[in-house]
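>>> give me a 3D structure for the following:
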Amino acid sequence: MYLLCYGRSGKARLTGDRLMEKIPGRWISSTDFYSSGIEIPESKTDGAIVLLLPLEAACGILTSAISGRMSDLPVICCSPEGSFASVLRYGNMRPARANELVKQIASVFGPSCFTSFGSRAGIVTSLTYCIARYSMSVSDTKLANDINDHIISGGRVNIYTDIPLSLAEPVLDSMVYKINAFPSEARSQFMKAFIECESDSSSEPSVFITCSKMPEAENARNLILTPSLVCVGVELKAKVDPQYAVDIVTTSLTNHGIDPKAVSTIAVSQSARDSEVIKYIASSFGASVTAFSTKQISEVKLPLEPSFAPEKISDGATAAAYLAGTSGKILLRRGGGSSGVCFSAVRTNGHLMLTE
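You can find the predicted model right below:
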């Protein structure tokens, strides 16, 4: 371990010198914060910045002065008189290692030095809340429980999502949840982030909240939560076997990058509500059936490019899904081809509320 200490007052200088008698390090100047990098002896594997300043001054330097090259280093704040020591930023250092360093520093200052400004434990809702609220499918129950325990204890969690997502109390909730949001059009970047998280065995597990079908992973180490937000509008164009209809819908959804577990509603015209095929499709997906009148379906204004094709002017499947999804995002239009089953998929409009 090697400390890069910064302080201005006489007390800070005395405290820093006392600290560096026990842990190797050196003083740095304010100009070092703006430099392209600070040299650390090659024999020292871990380096950390120690700001011997009042907390508000340390936070100001942290947000405005430290250069990008130095942003990988953890930042520890110590009061000039050595009465407290705490991590302000972990950088690329593991939290456990940074907290261990704080304890080493505190041990130099003595038993009167405290190392915490208050725990994050219990200040936010765990994932259990949103899982229940949005009937989410969970990829790994044990991992979900482990992550929930981590959240309840105040640990930080990375959330990746391609669905609009909100926090009930942004200031508090962001202390635990770091949201990485991707627009639905950035599917390739979202998948790339997932693959990178899966391959990075040194990082903590992340959480992916999505209706998208995620890549298969040999050693799945990140949690996937699939909310039930997709409404599937169905039109039967010919007599079909119920299981065949389910297979067609499932395969087409998957091929278009939509996870079948996200289906919550089967939307149809009133005339198709009692169809055994429709009932079987709904049962197979664990979905409910919602029916609309011919008038309701015909009056829907879909956000689509104009077309002179008759089948695209009259689009009952998409209109029914759009109504059930409260004018949400159209994910798939008129799938099924010539199978006799025509269907469209719409993700329900609105934001997910991650916390309570």
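
>>> all helices of the protein, in order?
Counting by DSSP state H, one finds helices in the chain at the ranges 10-22, 55-64, 95-109, 127-133, 141-152, 170-173, 187-199, 242-255, 276-285, 294-298, 310-313, 316-324.

>>> confidence-wise, which of those is weakest overall?
Among these, helix 310-313 has the lowest mean pLDDT, at a mean of 51.

>>> quick one on the thing from earlier: out of the helices of the chain, which one sits most buried?
Most buried of the helices of the chain by mean neighbour count (mean count of other CB atoms under 10 Å) is helix 316-324; its value is a mean of 25. For every residue, glycine as well, the C-beta is placed using N, CA and C.

>>> which strands or helices does that helix pack on?
The helices and strands touching helix 316-324, judged by 3 or more CB pairs under 8 Å, 6 or more residues apart in numbering; DSSP states H and E, are strand 230-236, strand 263-269, strand 288-292, helix 294-298, strand 329-335, strand 341-347.

>>> report the buried residues of the second one.
Judged by neighbour count (16 or more other CB atoms under 10 Å), strand 263-269 contains these buried residues: 263-269.

>>> closest to Lys239 among those?
Lowest distance from Lys239 to the buried residues of strand 263-269 (CB to CB) belongs to Val268, with 15.9 Å.

>>> the closest one: what's it in contact with?
233-235, 275, 278, 289-292, 320 (CB atoms under 8 Å, 6 or more residues apart in numbering).

>>> that one and Val176, how far apart?
42 Å (CB to CB, to the nearest Å).

>>> ok, Gly350 touching Gly325?
No - the criterion here is CB atoms under 8 Å, and Gly350 misses it with Gly325 at 9.5 Å.

>>> more neighbours: which of those two?
Neighbour count, other CB atoms under 10 Å: between Gly350 and Gly325, Gly325 has more, with 26 against 14.

>>> you'd agree that one is up against Leu332?
No - Gly325 is beyond contact range of Leu332, at 11.9 Å (criterion: CB under 8 Å).

>>> give me the common contacts of the two.
By CB under 8 Å, 6+ apart, no residue touches both Gly325 and Leu332.

>>> and the pLDDT at Leu51?
With respect to pLDDT, Leu51 has a value of 89.

>>> who does it form a beta bridge with?
Tyr6, Cys77 (DSSP bridges).

>>> burial count for it?
Count around Leu51 with other CB under 10 Å applied: 24.

>>> who's in contact with the most centrally placed residue in the chain?
Geometric centre of the chain, nearest residue: Ile159, 1.6 Å, by CA atoms, centre = their mean. Neighbour list for Ile159: 165, 177-180, 206-207, 209, 354 [criterion: CB under 8 Å, 6+ apart].
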